[in-house]
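Participant: Here is a sequence together with a model predicted from it:
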Amino acid sequence: MSIITDIYKVFSLLLILLITQSTIASAESSPIDPIRLEYDKLSHSISITHLPNYSSLTIFTENGSVDYLERTDTISYMFNSQYRILDQLAVTGSLSFRVITRTEYINEDKIKSIRDNKAGFALGVRYDNYSIPFNPSLEFNYTYPNRIWTGLSGCIIRDPLIHTIALHYTPKAKNQSQELSLLQSLAFLANDRTSLRVSLVSLLTDRQLPSISSITFSASYSLDPDKKQNITLNNTLRFLDSGIGLSIGTSYSF
């Protein structure tokens, strides 16, 4: 576990350094161009995320006590692509692959390890209109094998801030519960290269979960002046049944 803890410390330090660098750069550089949303003809992104989860208990027997620990590591890989048929209409697609490893320990001795691989894909249609107030977007998405959802979002731009609100609805289906989720994010454009973002997600239809199910802190850096290539670091706090989980991830968009 110490290795995982060290990785999180290094990852968090990278976020802090990027925030510090962006603050210094914003003070030294010329004012950024006015914020404007553009229709990209073709765009892609590649991402990787690691989510560890732990659950433990102490078992009492006639001969004493036994410490039991179960650790689950989920590593997700995803490739996303978007192609615009028209300026305001795009088709989207994604491929995903998850590696889930469950390891059991008794008194710190590993007794079992199970690995499970899952692959999937998603197809969607997206409509964007950046020429009217709130820059609305509407999206329909099918995720294999049996998940369908639709999303409505909009944003308010107050240079250098962008406030985005999105609703995602998933209807009830076989092996799928009805879900209504709310996402809010606030992005700060520190300069022409660096942006910072905090995002909150709430599942409105599940009363058993907290009002906020996850909080993500992100830092993005553009590799080119046209902002077509970006690297993003993510640190996410997830509020799970077993407690609070911390996941780290990175993505490259081009």
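Facilitator: Received, thanks.
Participant: just for this structure, where's the confidence low?
Facilitator: Residues of the chain that meet the criterion pLDDT under 70 lie in 1-37, 175-176, 206-211, 227, 240-243.
Participant: And the strands in it?
Facilitator: 42-61, 64-84, 89-106, 109-128, 137-143, 147-158, 161-170, 179-189, 194-203, 214-222, 230-240, 243-253 (DSSP state E).
Participant: what about Ala166, neighbour count?
Facilitator: For Ala166, the number of neighbouring residues by other C-beta atoms under 10 Å comes to 18. From N, CA and C alone the C-beta is placed, and that goes for glycine too.
Participant: again with Thr170
Facilitator: Counted with other C-beta under 10 Å, Thr170 comes out at 19.
Participant: Contacts only, for the nearest residue to Ser56 once chain neighbours are set aside.
Facilitator: Excluding its sequence neighbours, the residue lying closest to Ser56 (C-beta to C-beta, 6 or more residues apart in numbering) is Leu69, at 4.6 Å. For Leu69, the contact set (C-beta atoms under 8 Å, 6 or more residues apart in numbering) comprises 54-56, 104-106, 108.
Participant: For Leu69, give its distance to Ile244.
Facilitator: 17 Å (C-beta to C-beta, to the nearest Å).
Participant: With Ile111 instead?
Facilitator: 26 Å.
Participant: What's opposite Thr232 in the beta bridge?
Facilitator: In this entry, Thr232 is beta-bridged to Ser220, Ser251, by DSSP bridges.
Participant: How about Leu237?
Facilitator: Counting by DSSP bridges, the residues bridging with Leu237 are Ile215, Leu246.
Participant: Would you confirm that it contacts Ile215?
Facilitator: Yes. Using C-beta atoms under 8 Å, Leu237 is in contact with Ile215, at 4.7 Å.
Participant: Find residues that contact each of the two.
Facilitator: With C-beta under 8 Å, 6+ apart as the test, Leu237 and Ile215 reach no residue in common.
Participant: Now for the spatially closest residue to Asn135 that is not a sequence neighbour: which residues touch it?
Facilitator: Closest residue in space to Asn135, ignoring its immediate chain neighbours: Cys155 at 5.1 Å, by C-beta to C-beta, 6+ apart. By C-beta under 8 Å, 6+ apart, Cys155 lies in contact with 37, 134-135, 162-165.
Participant: try 7 Å
Facilitator: Contacts here follow C-beta atoms under 7 Å, 6 or more residues apart in numbering; on that basis Cys155 touches 134-135, 162-164.
Participant: Likewise for Ser195?
Facilitator: So Ser195 contacts 187-189, 220 (C-beta under 7 Å, 6+ apart).
Participant: Buried only: go through these for me.
Facilitator: 187, 189, 220 (16 or more other C-beta atoms under 10 Å).
Participant: isn't the first one right next to Ile162, touching?
Facilitator: By that I understand Ala187. Yes. Contact status for Ala187 versus Ile162: in contact at 4.4 Å, counting by C-beta atoms under 7 Å.
Participant: Can you report how many residues neighbour Leu183?
Facilitator: Under the criterion other C-beta under 10 Å, the count of neighbours that Leu183 has is 17.
Participant: wait, isn't it in contact with Leu204?
Facilitator: No. At 10.9 Å, Leu183 does not count as touching Leu204 under the criterion of C-beta under 7 Å.
Participant: Give me the distance between Arg197 and His50.
Facilitator: Taking C-beta to C-beta, one finds Arg197 at 20 Å from His50.
Participant: let me fix that: Glu70
Facilitator: 17 Å.
Participant: ok, now Ala190?
Facilitator: Computed with C-beta to C-beta, the distance linking Ala190 and His50 is 26 Å.
Participant: for Ser65, which residues make a bridge with it?
Facilitator: Going by DSSP bridges, Ser65 forms beta bridges with Phe60.
Participant: no, scratch that, I was asking about Ser55
Facilitator: For Ser55, the residues forming beta bridges with it (DSSP bridges) are Glu70.
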